[in-house]
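Engineer: Quick one, what's the 3D model for this:
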Amino acid sequence: MVGRPVVPILLGAGLLALSACAGAPEAAEKKPASGESFPVEVTSCGHTATITAKPERAVTLNQGATEVVLALGLEDQLAGTAYLDDEVPAKWQDAYESVDVLSEEYPTRDQMLETEPDFAYASYASAFEKKAVGTQAELEKAGAASYVSPFGCPDEVDRPEPSFEAVWDEMDAVAEAFGAPARAARFRAEQERLLEGLEETQAGDDLSVLWYDSGDKTPFVGAGGGGPQLILDAAGADNIFEDVEGGWGDASWEKVIDADPDVIVLADASWSTAEDKIAYLEKDPLLKQLRAVRAERYVTIPFSESTPGVRLADGAASVSDQLEKLDLSK
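Structural biologist: Numbers count the residues shown, from 1 in each chain. Next up, the predicted model:
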């Protein structure tokens, strides 16, 4: 089983506006470019990379990074990918299968260098540790520029406030690095239209929701400052742990029982499946008395659609659609 990568806790107040600007000055800085004009500079986590020519043998590390490139339709510029959390969506499956998978988790430095990469893009800074593919400085000496998602910066000060706008800013930077800025603009416009449609329906109006990510003795939940909250805001639902800081956090079953939510959203991941969480809820003598459990009012979302990334708007649309279809009369 593939282990779960470390997900940075995203902190800060006022994070819930769907179009809030990224809060960190270096979160997704880029030197303006047009078309395939190089060199291009992209900056995140305090590291500036100079891409001197259009990448032809790029490697993506972590699912979020891979899906950004697939969403842009740039799989032909990839030499390899590594480290999925769950399945790639069907709409990108053919493109994903056209690229070599280097490793189930992070490849070794030697495996990485065997691909002769000219660019490396990761969702988390953990990819660029010595025990993984090597540091960004080491890769640069080997001829590969690199970029970490601003949401994956190890230092909190370097991370942007989670928002759809910050997601699109990252895509802009990556598209510039790959020499295809117009593709990011088109994707941004499509997602803006999708979110505008959700604002009109607000399928989750007046519904209280537990976002159950993982854990049993202590529930790890979607909190008030990350992807889960952005999705619930887009759907119009109320997060019972909105007051918990960060994107995710530890809660308590006592507070869940006191809140007795209308609906439970279940993150589905290889390390904690929705099916496993339902089995736990329905077996526990106290939790099985929750209204949502008795009525089986569950909404399921792939973990990759709950993190700030190109699937976050799809996650919002899926949750909104599932909320709309629930039988609330039970």
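Engineer: The chain: helices as residue ranges?
Structural biologist: Taking DSSP state H as the test, the helices found in the chain are 63-71, 90-97, 109-114, 136-141, 164-177, 181-201, 227-235, 253-259, 274-283, 291-294, 312-325.
Engineer: Can you show me the CA trace of the fourth one as CSV?
Structural biologist: Yep, that's helix 136-141 we're talking about. Provided in CSV are the C-alpha atoms of helix 136-141 (Å, rounded to 0.1, in the frame of the first residue of the first chain):
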residue,chain,number,x,y,z
GLN,A,136,16.7,21.0,-5.7
ALA,A,137,20.4,22.2,-5.8
GLU,A,138,21.6,18.6,-6.7
LEU,A,139,19.0,18.3,-9.4
GLU,A,140,20.0,21.7,-10.8
LYS,A,141,23.6,20.5,-11.1
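Engineer: Pull out the buried positions in it.
Structural biologist: Gln136, Glu138, Leu139, Glu140 (16 or more other Cβ atoms under 10 Å). Heads up, the C-betas are built off the backbone N, CA and C, glycines and all.
Engineer: Kindly reformat those residues as JSON lines and extend each row with distance to Lys330 and pLDDT.
Structural biologist: Below are these laid out as JSON lines (distance: Cβ to Cβ, whole Å; pLDDT from 0 to 100):
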{"residue": "Gln136", "distance to Lys330": "53", "pLDDT": "97"}
{"residue": "Glu138", "distance to Lys330": "57", "pLDDT": "96"}
{"residue": "Leu139", "distance to Lys330": "55", "pLDDT": "97"}
{"residue": "Glu140", "distance to Lys330": "58", "pLDDT": "96"}
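Engineer: between those, which is closest to Val263?
Structural biologist: Gln136 (42.1 Å; Cβ to Cβ).
Engineer: Tell me the spacing between the nearest residue to that closest one once chain neighbours are set aside and Val101.
Structural biologist: Spatial nearest neighbour of Gln136, excluding adjacent residues (Cβ to Cβ, 6 or more residues apart in numbering): Ser146 at 4.6 Å. For Ser146, the distance to Val101 (Cβ to Cβ, to the nearest Å) stands at 19 Å.
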